[in-house]
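Participant: coordinates only, sequence not included:
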RNA sequence: GGCGCUAUCGUCUAGGGGUUAGGACGGAAGAUUCUCAAUCUUCAAACCCGGGUUCGAUUCCCGGUAGCGCUACCA
């Protein structure tokens, strides 16, 4: 029975790296008909918050990801302690009565004899941490305390941490096979006596995680590569507890353009899944994008539906090198002097604004700056692949949230005009804004003047257009009729099509770049069209 | 410092002892159109360095370098 788990610790919003880890686990389970388990690793009471847990659920639900079983580590503490005690009973763990944090790195007080190899001199304590090489033996005296003394002090109520007694003499080579990174080996001389239980009785991550993985019969542990070296400790725990070793598969890390691990603290909103949701990514596109970081179907496919991903996914397709999420460094490194936000490319409207993404010194980051261009492209691809009514339904809430009370039927008519022009759902606000308002926001009248023309030409075109369109029954405000009439008018005025159409476009849309004119007029309707042309005439005069 | 991992166009990646080193994004140029977008065509762009093994290495081995990760009573 194949069983995989995703085990987030609720210490912040859902991280894109975590989301990808979930997805890979989920894909593996769904591909093989296995069981997907969500386990909340909340043993760190200091840092866990319920708000964080809520945000993780929110993120997963937006991505439309499902799981079959759910657990919470804080409800399974008895199990963890039980397994820790079982290990203690075998002699493979010992009580360390050193007060908490007194032995923490890098304070030199903990030095003691490092686990130096024969022949290597031990470093002097004053030299600081680990200069002699090898792993650190925490609080060396603690390991040697007799069982009698240990029992006595414990019975007296003295607090202690439980540490794993890593085999020292003879030193052993711990081995495991990783589905992605291959055969792994490490000497016990390089593994420190790590803690199993804290002095308050709470299990550490290593203990809780292994106890649960064993108890829940997890068959495959698919997780970030930052756990690769921890795995040796886990192998030790599994062994000591007499549990079967699961198959490990470590995933390359998601890194920032500067190569460092993506972190909430350093890279802020660009690592939060909610940022992508709020910016108007389609969940299916975002999942697609995440899958392409560190995994390949090896068949040159880039755009994949969820079903295709499930069908194509395999551990063999996972890459070993870290993958860069290619956002612009300005996101994390405020520029000085401050730079004005770039407008969205090709879209006349204001740049995308999202909370937390204000640029230092004012302005907002554009979507091209904060998102990986491939993510943007993939999102556009998925948008274009959506049926019109589906896309329209997803656009509607975005528009309404921006304060425009648009009817579903109207949205459906606008949708085909924006479908090929937006990369993010939110782009609809800058691409189709003129459909939503009664009054066009102010624009530069000079825009009304066509190529190789002057104000007189603009005026002539606008007046003629108004005349022609006014004579058209509202029912004839259809693409073909508009096309025929306006072209005829252009010919009559001896204007090129573009020279005729641009003034009208600017009059109606308030900018030069917009969806095709006749479709636009058709959707906008006779009344608004004429009103806007009249206003434009006023501006030119 | 110690240990582990990694290294193909700017980015995501395919490939693998002999290839014009493939694809995608992004970039450039052109076609098309009433603008924009979409679409189509074309172009530029990569095997970290040094040794070995071999008739032949980008590919296998070793070393170096660089990057990353771990090295907590965090996860």
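Facilitator: Received it, and whenever you're ready, just let me know what you need. The structure displayed is predicted, hence computed values, not measured ones.
Participant: make it CA atoms for all contacts and neighbour counts henceforth
Facilitator: Noted.
Participant: residue ranges for the helices of the stretch 301-450 of chain A, please.
Facilitator: Ranges of helices in the stretch 301-450 of chain A, per DSSP state H, counting those that start in this stretch, are A:306-312, A:367-370, A:373-385, A:388-401, A:408-418, A:428-431, A:433-436.
Participant: wait, which of these is closest to residue A:48?
Facilitator: If you check each of the helices of the stretch 301-450 of chain A against residue A:48 by C-alpha to C-alpha, helix A:367-370 wins as the nearest, at 28.1 Å.
Participant: Now find how far off-centre that closest one is within its chain.
Facilitator: Centroid separation between helix A:367-370 and its chain, computed with C-alpha atoms, centre = their mean, to the nearest Å, is 14 Å.
Participant: That helix and RNA strand B in contact?
Facilitator: No: using C-alpha under 7 Å from any atom of the strand, helix A:367-370 never reaches RNA strand B; the gap is at least 9.0 Å.
Participant: Comparing the helices of the stretch 301-450 of chain A, which yields the minimum mean pLDDT?
Facilitator: Mean pLDDT is lowest for helix A:367-370 among the helices of the stretch 301-450 of chain A, at a mean of 82.
Participant: okay, now residue A:176: neighbour count?
Facilitator: Neighbours of residue A:176 under the rule other C-alpha atoms under 10 Å: 17.
Participant: Check the gap between it and RNA strand B for me.
Facilitator: Distance of residue A:176 to RNA strand B, given as C-alpha to the nearest atom of the strand, to the nearest Å: 11 Å.
Participant: follow-up on the earlier one: dump the helices of the stretch 301-450 of chain A into JSON lines; add distance to residue A:211 and mean neighbour count as well.
Facilitator: Listed next are the helices of the stretch 301-450 of chain A as JSON lines, based on distance: least, C-alpha to C-alpha, whole Å; neighbours: other C-alpha atoms under 10 Å:
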{"stretch": "helix A:306-312", "distance to residue A:211": "30", "mean neighbour count": "16"}
{"stretch": "helix A:367-370", "distance to residue A:211": "40", "mean neighbour count": "19"}
{"stretch": "helix A:373-385", "distance to residue A:211": "38", "mean neighbour count": "20"}
{"stretch": "helix A:388-401", "distance to residue A:211": "43", "mean neighbour count": "17"}
{"stretch": "helix A:408-418", "distance to residue A:211": "52", "mean neighbour count": "18"}
{"stretch": "helix A:428-431", "distance to residue A:211": "50", "mean neighbour count": "21"}
{"stretch": "helix A:433-436", "distance to residue A:211": "56", "mean neighbour count": "19"}
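Participant: in the helix or strand bottoming out on mean pLDDT in chain A, what counts as buried?
Facilitator: Least confident element among the helices and strands of chain A, by mean pLDDT, DSSP states H and E: helix A:264-267 (a mean of 79). Buried residues in helix A:264-267, counting neighbours by 16 or more other C-alpha atoms under 10 Å, are found at A:264, A:267.
Participant: so, in contact with RNA strand B or not, that helix?
Facilitator: No: contact between helix A:264-267 and RNA strand B is absent, the nearest approach being 10.8 Å (criterion: C-alpha under 7 Å from any atom of the strand).
Participant: what's the next helix or strand after that helix in contact with?
Facilitator: Note on helix A:264-267: by DSSP states H and E, the next helix or strand toward the C-terminus is helix A:273-279. Identification of contacts with helix A:273-279 by C-alpha atoms under 8 Å, 6 or more residues apart in numbering yields A:13-16, A:19, A:59, A:62, A:269-270, A:283, A:286, A:352, A:354, A:424-426.
Participant: Alright, that wraps it up for me.
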